[in-house]
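Asker: Predicted model and sequence follow; I will ask about them next.
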Amino acid sequence: MATLSMGGVLSGIDYSVLVQGLMAAEYRPYNRMSADVADYQAKSVSVLAIRNTINNLKSQVSEMRSTADLRAVKSSTSDSDVVGISSTSGALPGSHSVTVDQLATSQRIVHDAGTTYQDTKVGTGGSISTSLNLNTVADAEATWFTAAADGATYKFQIGGEDEIEVTFEGSKAYTLNEVVSLINVASQEAAEYDAASVSGSGPYALALAAKTRGAGELTATLDSGTAIAEFADGAADWNNTDGTDVATGAFVYTYDGQTRTVYTSADTTLAGLAEQINNDGSNPGVSANIIKHDGTYHLVLAGDKTGADYTVTIDDVNTTINGFDTADFTTAQNAQDAKFRIDGYPDPSDPTPWMSSSSNSVSDVLPGVTLNLTGTGEATVTLSRDDSSISSSLQGIVDSYNSIVDTIDLHTGYDAETETSGKLQGDSTMRGVINAIRNSLTSVLPGFSGSADDVAMASHLGLELDKEGQLSLDTDTLNEALQDNYDEVIQFIGADQRGVTDSNYLQFNSALESTGQGTYEVKADFDGAGTLTAAWIRNSGDTTWRAATVTDNKITGITGNAEAGLEVAVTWDGASASQTHEVRLQQGLGGAIYDVADELLGSAGPFEIRDDTYSDAIEELKTKMDIMEGRLVDKQERYEAKFARLEAALALMEAQSGQFSALFSSINSSKSSD
C-alpha cells in the first residue's frame, strides 16, 4: 500500500496519515488472503518434506525385490598375479582352482627392413593397369554429362576382373566427382576395391585403376537405357594403358573380417603411412606405430583385440607399394586365445585339454563371476556368502522408516518446548501415510505362513517397533536367522510372485505381475480315467469358489479375479474324483514396502492430492488478490483526490476570508474619516 506525502499547507493536517489509516482497514481482507497463500505454501513445503522421505524409502527397497540381487558373495584369490576375481549377483559360494596355461594376446607384426628415417618415402612402386577417359572437363565439380530421360546402366570391366555395374538416373546432371563416387560404391560391392579417381590437374579426366597388376584393357558396355556420349560403347573414347604408374600405390590389409585399402603417393613417408592407417575413418581396429632399432625405423601394426581370430593379414596381391608384402613383416606377438582349466577340467588327456577365451576377462564360465587372468600358473579363487549386505539393506530400511516418522511428527505435531505446531497439525491423512508401511513390518506378509514358514514376519529378522513408533534392527536375531534359515530370509525379503505349495499333486507354474499375492485353494475335478475336467480357485478362508480355465492338466485364474494369471499344474492322485490343494503366492518385504511407497507417491496418492489442493487454493487466492489489489489502488486514489479537493476548498475559503477582512477594514477606515 503506497501513500503519497499529503501534508495540508493551510489546515496543517497530514492527509497521508489519514489515507494510510483508511487503507489499512480496506487491506484487511487482502492481507488475510496473502496470509492464507503463505500458509498453503508452507504446507506444500511440509508435504514435500514428507514425500521426499517416502521416496528415499522407495529407493532403499528398490534393489531388495529380487532374491538374486540379495545373494551377495565376497570373493578372494590366492594369487592375484595369476587370476583376479570379481563377482556380481547370481554367484554361488564355493572354492575353485584355476590353472592358466597362456594368456590371450593381440597380434603385433613388425616391418623387417625398416627405413633410415621416419620421413623416408615408401609410397611408390608396383605395376597397375590404368585407363583414362579422353573426354575431359575443366573442373571436377562442373557438369560432365546429363543422362538421357530414361537413364542408363553401364557395365565396366578391366580385363578378366569382376564386372562393375553402375546406374545413372534419367535427366540428371552429373559432375566428374559424382561419377567417381558412383563407380567406387559399385566397385566396393563387386570387388572390394576403390577403382575410380580424378586424373590430371585441369582439365580433369576419369581414371580407372585395375584391382590386380596387368589386368588388361577396360571395356565400358551399355547394359540398358540410352547411351551416354562420354561412355560410348567401344574403345574410341577410352585410352587403355597397361604399365607402371609410379606415382601411386596401395597398402591393403584385413583385420576382424574387414579389408581396408590405404592409398599412397610418391611423397608418402613411413610416418605418413602410419598416420594414414590410424586416421582411416573405417579402420577396423589396427594401430600403426613406429619403433627405432639399431638406427632403423620400423612400422609396427598391432590389433586392438586379443584372441586367435584377430590377426592382421596383408593382401599381397593388391598391395602395390614395394617392400610391404607379408614376407616383409615379422610376427613379434601372436594373436592367441587364453587357455585355462577350472577345477581340473577339462582333463589333460582330453582331445581339447583347455578351456579357451579370446579375452583375459572371462565371465561365461562361473555364473555371476568374472575371472581376470593376469599370468600363467595356478591359484585358488574363493566365493563366500556375504551376509553384511543383508544387514546393511535392512538397516537402510530402519533409517529411512525412522526418518519418515520423525518428519511426519515434525510437520504434524506440536513442540511443547518451543510452543510451536507443525504446518500440518491435525492433518490425519499425512499422519496416516505411515500406517500402510507399518503394516508390512508388523504383519505376516501375503503368501507366507506363520506355521509353515520359519521366516514370515519382519520381527523374525530382528525388525521391531518400539512404543514411540521407532524401528530398530536386532542384529543378533538377524544373524541367527541367516545362520539357520538363510534361504528363507532371502525369500522373505526378495520374493517376487513366488509360488509355494506343499502338495505332491499341485505344481506352481507362473503368475503375472498383477496377480494378487496371498494363499489360494485350488479344487480340481477328474473323470474316472484321471482326466482333469473342471477347476475352481478361491482365497483361503472364503466359502465361494470361482471358476478357473482348464487346459490339459493346467489350471489358470480368470481375468477379473484376484488370481488372474495364476497358473498351476495338477496331477491326479489315482483315486479321487475331486482334489483340493493350497498354493501360496508370495511377495517379499522389499516388494511389499516398494508397492506401498509407489502407491503413496502415485497420481492418486495423498501427496499428489494435497499438492493439487494447495496449488488450486493458492491460484484461486492470487486471482482474487489481483482483482482486489486493482480496486484498492483505485480507492486509494479516490481518497487522495478527496483530501486534495478538501485542501483546495480550504485554500479558497482562506482567500475569500482575506478579501472580506480587507473590505471590512476599508469600510471601517471610511467611517473613521467621517
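Answerer: Everything's here; your move. Numbers count the residues shown, from 1 in each chain.

Asker: Now Asn402: which helix or strand?
Answerer: helix 388-412 (DSSP states H and E).

Asker: what does the helix or strand that that helix is followed by rub up against?
Answerer: Counting by DSSP H and E, the next helix or strand C-terminal to helix 388-412 is strand 414-415. Strand 414-415 has contacts (C-beta atoms under 8 Å, 6 or more residues apart in numbering) with 420-422, 425. Every residue, glycine included, has its C-beta placed from N, CA and C.

Asker: Kindly provide the whole-number mean pLDDT of the very next helix or strand once past strand 414-415.
Answerer: The helix or strand immediately downstream of strand 414-415 is strand 420-421, counting by DSSP H and E. Here strand 420-421 scores 84 as its mean pLDDT.

Asker: Adjacent strands (with direction) for strand 420-421?
Answerer: strand 414-415 (antiparallel) (DSSP bridges).

Asker: Could I get the full set of helices for the stretch 351-500 of the chain?
Answerer: 388-412, 428-442, 475-484, 486-494 (DSSP state H, counting those that start in this stretch).

Asker: Actually, the stretch 501-650 of the chain.
Answerer: According to DSSP H, counting those that start in this stretch, the helices that the stretch 501-650 of the chain contains are 589-601, 606-673.

Asker: Which secondary structure elements does the longest one sit against?
Answerer: Contact partners of helix 606-673 among helices and strands, from 3 or more C-beta pairs under 8 Å, 6 or more residues apart in numbering; DSSP states H and E: helix 15-26, helix 28-62, helix 428-442, helix 589-601.

Asker: Equivalent analysis for the first one, please.
Answerer: Helix 589-601 sits against helix 28-62, helix 428-442, helix 486-494, helix 606-673, with contacts defined as 3+ C-beta pairs under 8 Å, 6+ apart.

Asker: List the buried residues for the second one?
Answerer: The reference is to helix 428-442. 430-431, 433-434, 437-438, 440-441 (16 or more other C-beta atoms under 10 Å).

Asker: will you turn the residues you listed into JSON lines that also has distance to Ser578 and pLDDT?
Answerer: Output for the buried residues of helix 428-442, formatted as JSON lines (distance: C-beta to C-beta, whole Å; pLDDT from 0 to 100):
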{"residue": "Met430", "distance to Ser578": "51", "pLDDT": "85"}
{"residue": "Arg431", "distance to Ser578": "50", "pLDDT": "83"}
{"residue": "Val433", "distance to Ser578": "46", "pLDDT": "87"}
{"residue": "Ile434", "distance to Ser578": "46", "pLDDT": "89"}
{"residue": "Ile437", "distance to Ser578": "42", "pLDDT": "91"}
{"residue": "Arg438", "distance to Ser578": "41", "pLDDT": "92"}
{"residue": "Ser440", "distance to Ser578": "36", "pLDDT": "91"}
{"residue": "Leu441", "distance to Ser578": "40", "pLDDT": "93"}
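
Asker: Does Val61 touch Gly590 like I think?
Answerer: Yes - assessed by C-beta atoms under 8 Å, Val61 is found in contact with Gly590 at 4.5 Å.

Asker: pLDDT value on Val596, please?
Answerer: Val596 is given a pLDDT of 93.

Asker: quick one, what contacts Glu513?
Answerer: Gln497.

Asker: Quick check: phi and psi at it.
Answerer: The phi and psi torsions at Glu513 (degrees, to the nearest 10) take the values phi -60, psi -30.

Asker: For Val185, see how far away Ile164 is.
Answerer: 10 Å (C-beta to C-beta, to the nearest Å).

Asker: ok, those two, which is more surrounded?
Answerer: Neighbour totals were compared for Ile164 and Val185, and Ile164 leads with 25 against 14 (other C-beta atoms under 10 Å).

Asker: For that one, give the beta-bridge partners.
Answerer: Counting by DSSP bridges, the residues bridging with Ile164 are Phe156.

Asker: wouldn't it be in contact with Leu182 here?
Answerer: No - at 9.8 Å, Ile164 does not count as touching Leu182 under the criterion of C-beta under 8 Å.

Asker: for the stretch 301-450 of the chain, which spans come out with low pLDDT?
Answerer: The model of the stretch 301-450 of the chain has no residue with pLDDT under 70.

Asker: and the residue lying closest to Val300 once chain neighbours are set aside, backbone torsions?
Answerer: Counting by C-beta to C-beta, 6 or more residues apart in numbering, Asn289 is the residue found nearest to Val300 once chain neighbours are left out, at 4.6 Å. Dihedral angles of Asn289 (phi, psi; degrees, to the nearest 10) stand at phi -130, psi 170.

Asker: what about Asn289, neighbour count?
Answerer: Using other C-beta under 10 Å, Asn289 has 14 other residues around it.

Asker: what's near enough to touch it?
Answerer: 274, 299-300, 302.

Asker: Can you redo these as a markdown table, where the extra columns are secondary structure, distance to Ala205 and neighbour count?
Answerer: Output for the contacts of Asn289, formatted as a markdown table (DSSP: H, G, I helix; E, B strand; the rest coil; distance: C-beta to C-beta, whole Å; neighbours: other C-beta atoms under 10 Å):
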| residue | secondary structure | distance to Ala205 | neighbour count |
| --- | --- | --- | --- |
| Ala274 | helix | 32 | 20 |
| Leu299 | strand | 34 | 26 |
| Val300 | strand | 39 | 16 |
| Ala302 | strand | 40 | 17 |
